[in-house]
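J.: A structural model of the following input is requested.
(one chain, ligands or ions: 1)
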Amino acid sequence: MDKDKLIKMAENPHLIPGIYNYCDRWCERCTFTSRCLTFLTEEEKKRESGYSPGSDEMNEEFWKGIRENFLLAMEMVRDFAEKEGIDLEVAMESEEVEAAMARWRKGVRSPMLIIAQKRRWIIISWLIIGLKERGNYGRK
Ligand code: SF4
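T.: Down below sits the predicted model:
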């Protein structure tokens, strides 16, 4: 999907802005799929690819899609910076960015973040065990 198509889809007034930031990504159970930009763009990508769900081609398409999302995000950040007259190279060297990076590095060692990371791994382990028991883990 290119930038223009994404922007056009995002302009749909029926969408709930940022709803995908507050969900568990269990789209199959979600009642807001028609109002979610993430869901609609992913459906569009599946339609564009033409591959059947769960196929090797679809899995490869998934990883390609992640890469394309990052490239698209970078393109949009560059466009925004250019429009606002911001030189990203200069901005990356600024004191504000250095200070933000220092805060981030400090935060990485905070006890709350360590606890959150441990909980994340507990949940991931729980999911893997559950999938293994159901025989779904590692299947293509
Ligand atoms: S459709 Fe999926 S991504 Fe969108 S809000 Fe619902 S669960 Fe989240």
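J.: and the protein, what are its domains?
T.: As assigned by automatic domain parsing, the chain contains the domains 1-93, 95-140.
J.: pull the number of nearby residues for Phe39.
T.: 19 (other Cβ atoms under 10 Å). The way it works is simple: take the backbone N, C-alpha and C, and place the C-beta from them, glycine included.
J.: in this structure it contacts Trp26, no?
T.: No: look at Phe39 against Trp26 with Cβ atoms under 8 Å: they stay out of range, at 11.1 Å.
J.: which residue is the nearest non-sequential neighbour of Arg78?
T.: Of all residues not flanking Arg78 in the chain, Leu88 sits nearest, at 6.8 Å (Cβ to Cβ, 6 or more residues apart in numbering).
J.: can I get the CA coordinates of the helix or strand hosting Ala100 in CSV?
T.: In this structure, Ala100 sits in helix 95-108 according to DSSP states H and E. The C-alpha coordinates for helix 95-108 follow below in CSV (Å, rounded to 0.1, in the frame of the first residue of the first chain):
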residue,chain,number,x,y,z
GLU,A,95,20.3,18.8,23.0
GLU,A,96,16.6,18.0,23.2
VAL,A,97,17.0,14.7,21.4
GLU,A,98,20.1,13.8,23.5
ALA,A,99,18.1,14.6,26.7
ALA,A,100,15.2,12.5,25.5
MET,A,101,17.5,9.6,24.7
ALA,A,102,19.1,9.9,28.1
ARG,A,103,15.7,9.8,29.8
TRP,A,104,14.8,6.8,27.7
ARG,A,105,18.1,5.0,28.7
LYS,A,106,17.4,5.8,32.3
GLY,A,107,13.8,4.5,32.0
VAL,A,108,15.0,1.2,30.5
